[in-house]
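In: With the sequence up front, the predicted model follows.
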Amino acid sequence: MIATLQRIGLTDAEAKVYLALLELGSTTAGPLIKKAELHRATVYDCLKRLIEKGLVSYVVVRKMRYFEAADPMILLNLVKEREEELREILPQLKAKRQIGAIKQEVTVFSGTKGIKTVCENILEELGYNGEYLDFGVSGLFREIMSFYWDIWQKKKKKLKIRSKCIFDEKLKKINPKLLKDYYGEAKFNPHEYSSFTDTIIYKDKVVLFIWTAKPPVAIVIKNKENADSYRNQFRLMWKYAKK
């Protein structure tokens, strides 16, 4: 019985005090403390909480408080209240479950052939008039992938794939041809913020090209929330990058 009362929200001590009151009827604290077999302070704390819950009432007779347990049917109201509270937070709980259910797929491609596969997949998935965002562009793509970089730009142009890239500003001086051959919008970050990891965001994917790895690798992360987060980061960077 005590376990059942605990499941609907009463503590062990509150359940003992309530059950003792049901058996004693209207009574002062003394007999109740003896019946419940609890410390005096604990009984008074329980009485206070049970009164707040509407499960105990009291009257004052000749300056003495007489406590009485409420009709057990009141317990049903307590259950209903807890059910209503649960219903209120159910949408939030379901939303959390959906977030947890979203899978994140991570695939690693190694070497120049693996990176070519990734780049071809990007073009295929974007299709005609697609769009991607790119930051951390240091020029290592062209240096490591050689003529494939030029081929990739031509394929982008043929498909009219739109792109926004944030380059290292030093490329203006050391490799202006790369910028001339690049197809898309370009902005620049100061060289002091340069990165050797080229990050491309498109659809629900983020691709990290780590050019300094031996061999170079491309890490493809498929997760909508992650891609949206990177997209927001890019927009902030694009806002403050220079033309």
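Out: In hand now; what should we look at? Numbering: from 1, shown residues only.
In: what mean pLDDT does stretch 12-22 have?
Out: Averaging pLDDT along stretch 12-22 gives 89.
In: residues making contact with it?
Out: Contact partners of stretch 12-22, identified using C-beta atoms under 8 Å, 6 or more residues apart in numbering, comprise 1-2, 5-6, 10, 27, 32, 35-38, 42-43, 45-47, 49-50, 55-56, 67-69, 72. Yep, even glycine has a C-beta here, placed from its N, CA and C like the rest.
In: And the helices in the protein?
Out: 2-7, 12-24, 29-36, 40-52, 74-101, 111-126, 140-145, 148-159, 171-174, 176-181, 224-240 (DSSP state H).
In: So what angle separates the directions of the second one and helix 40-52?
Out: Yep, that's helix 12-24 we're talking about. 80 degrees (axes from the mean of the first three to the mean of the last three C-alpha atoms, to 10 degrees).
In: Also the longest one?
Out: With the same axes, to 10 degrees as the basis, helix 74-101 and helix 40-52 are set at 90 degrees to each other.
In: Give me the mean pLDDT for helix 74-101.
Out: Averaging the model's pLDDT scores along helix 74-101 yields 76.
In: Which strands and helices lie in contact with it?
Out: The criterion is 3 or more C-beta pairs under 8 Å, 6 or more residues apart in numbering; DSSP states H and E, and there are no helices or strands that helix 74-101 contacts.
In: quick one: the spatially closest residue to Thr212 that is not a sequence neighbour from Val17, how far?
Out: Leaving aside its sequence neighbours, Thr212 sits nearest to Phe196 (C-beta to C-beta, 6 or more residues apart in numbering; 4.7 Å). Using C-beta to C-beta, to the nearest Å, Phe196 is found at 68 Å from Val17.
In: What subset of the contacts of stretch 12-22 is buried?
Out: Buried subset of the contacts of stretch 12-22 (neighbour count, 16 or more other C-beta atoms under 10 Å): 5, 10, 27, 32, 35-36, 38, 42-43, 45-47, 50, 55-56, 67, 69.
In: and stretch 156-163, how far apart are its ends?
Out: Taking C-alpha to C-alpha, to the nearest Å, stretch 156-163 runs 9 Å from one end to the other.
In: mind listing what's buried in that stretch?
Out: 156, 159, 161, 163.
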